[in-house]
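> Quick one: sequence plus predicted model below, questions after.
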Amino acid sequence: MKKNKKLLIAGNWKMNGLRKNSLMISNLMKYIKNKKFKNTDILICPPFTIANIFSTLSKKSNLMIGAQNCSDKVSGAFTGDISPEMLKDIDLEMVILGHSERREYHNETSEIVKLKAINALKNKLNVIICVGESLSQKKSGKTLRVIGDQLKKSLPDKISSNNLIVAYEPIWAIGSGLIPNNEDIYKVHEFITKKLVEKYGAKGKRIKILYGGSVNKKNAGEILSIDYVNGALVGGASLKYKDFKSILDFCN
Ligand code: 13P
């Protein structure tokens, strides 16, 4: 698949994965090596407990390992939190921020997401910021307004050209098997591009925008071919080697 930007296929393992799943990482690394992906970056974001094992395992490979969250604080008395410096310390390259599950279950506001993003970027971690509307917001025609507001409040003010990625994840599409139609995905991605260019100028044009929500081996090819879609953030289908590999098979 030839696109104007290098694709990023990212697996978000959420609260899944044990040390024994290292086998999948080894298989994935072998597959990536054999296929020699030129136009696709590949990322797995496992839970913190196995991130160090995975990052050690994949050190000399083209597989990137990332995290699913980080603190907006530098260090200190914040029980249970993990700082960007700690993620960097185990050689992680990216962090997902503002996932709807964090916004919903941990009351993360866009303002907090922005502080986390600034903190992560300071520590040279690349950041994937998630945005997306709920079903009721979609039904009442508020999708673009909601996303515009999330972007306005979540995006850090200063970026370099390639350290920020945005993921469009409609909340109602996550884990549901439902996906927006191609036209709707196109419209939202085009809108996000417009907002990024308004905020960052030429740099904004180079920011990748991923689609996430029920991406699987059946629909990935079609979704990835939509204009302004530069990759996918994959949940459930990233947990099984065969399913994730089938998605990567659409890329090169
Ligand atoms: P599913 O692919 O399981 O729908 O999850 C998407 C997601 O939330 C990725 O961050």
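Ah, there it is.
> so who does whichever residue of the chain sits closest to the ligand touch?
Using C-beta to the nearest ligand atom, the closest approach of the chain to the ligand is made by G235 at 2.2 Å. The way it works is simple: take the backbone N, C-alpha and C, and place the C-beta from them, glycine included. Applying C-beta atoms under 8 Å, 6 or more residues apart in numbering to G235 gives the contacts G11, N12, K14, I174, G175, G212, V215.
> Then M94?
Taking C-beta under 8 Å, 6+ apart as the test, what M94 contacts is A10, L43, C45, M64, G66, A67, L125, N126, V127, I128, I165.
> Recalculate using a threshold of 7 Å.
L43, M64, G66, L125, N126, V127, I128 (C-beta atoms under 7 Å, 6 or more residues apart in numbering).
> From those residues, which land in strands?
Counting by DSSP state E, the contacts of M94 place L43, M64, G66, N126, V127, I128 in strands.
> Number of residues surrounding the second one?
Using other C-beta atoms under 10 Å, M64 has 19 neighbouring residues.
> tilt between the helix or strand hosting K116 and strand 63-67?
For K116, the host element (DSSP states H and E) is helix 110-122. Helix 110-122 and strand 63-67 are oriented at 130 degrees to each other (axes from the mean of the first three to the mean of the last three C-alpha atoms, to 10 degrees).
> which helices and strands does helix 110-122 pack with?
Applying 3 or more C-beta pairs under 7 Å, 6 or more residues apart in numbering; DSSP states H and E, one finds that helix 110-122 contacts strand 94-97, strand 126-131, helix 143-154.
> Quick check: residues of the chain near the ligand?
12, 99, 169, 174-175, 212-215, 233-237 (C-beta under 6 Å from any ligand atom).
> Among the residues you listed, give me the pair with the biggest separation.
Greatest spatial distance in these: H99 and A237, 16.3 Å, computed using C-beta to C-beta.
> got the residue ranges for the helices in the stretch 151-252 of the chain?
Along the stretch 151-252 of the chain, the segments classed as helices by DSSP state H, counting those that start in this stretch run 182-200, 202-205, 220-224, 241-248.
> and the second one, how far out from the chain's middle?
In this view, helix 202-205 has its centroid 19 Å away from the chain centroid, taken as C-alpha atoms, centre = their mean, to the nearest Å.
> which other helices and strands contact that helix?
helix 182-200.
> What are the buried residues along the helix it packs on?
I185, V188, H189, F191, I192, T193, K195, L196, K199, Y200 (16 or more other C-beta atoms under 10 Å).
> distance from the centroid: which residue in this structure tops it?
No residue in the chain sits farther from the centre than A77, which is 28.5 Å out by C-alpha atoms, centre = their mean.
> which SSE is it in?
Going by DSSP H and E, A77 is not part of any helix or strand.
> I'd like the numbering to begin with 52 instead of 1 from here.
Fine by me, first position is 52 from now on; the one you just mentioned is A128.
> what residue ranges in the stretch 152-301 of the chain are flagged as low confidence?
For the stretch 152-301 of the chain, no stretch is flagged by pLDDT under 70.
> circling back to that earlier point, can you tell me what sits against the helix holding K167?
Under C-beta under 7 Å, 6+ apart, the answer for helix 161-173 is 121-123, 135, 146, 148-149, 178, 180, 201, 204-207, 210, 214.
> May I have the residues that are in contact with the closest residue in space to S227 that isn't next to it in sequence?
Leaving aside its sequence neighbours, S227 sits nearest to S265 (C-beta to C-beta, 6 or more residues apart in numbering; 6.1 Å). Residues near S265 by C-beta under 7 Å, 6+ apart: A224, G226, S227, G228, L229, I230.
> From those, keep the buried residues only.
A224, I230.
> The nearest residue to V182 once chain neighbours are set aside: neighbour count?
Counting by C-beta to C-beta, 6+ apart, the nearest residue to V182 once its immediate chain neighbours are dropped is Q201, at 4.2 Å. Using other C-beta under 10 Å, Q201 has 24 other residues around it.
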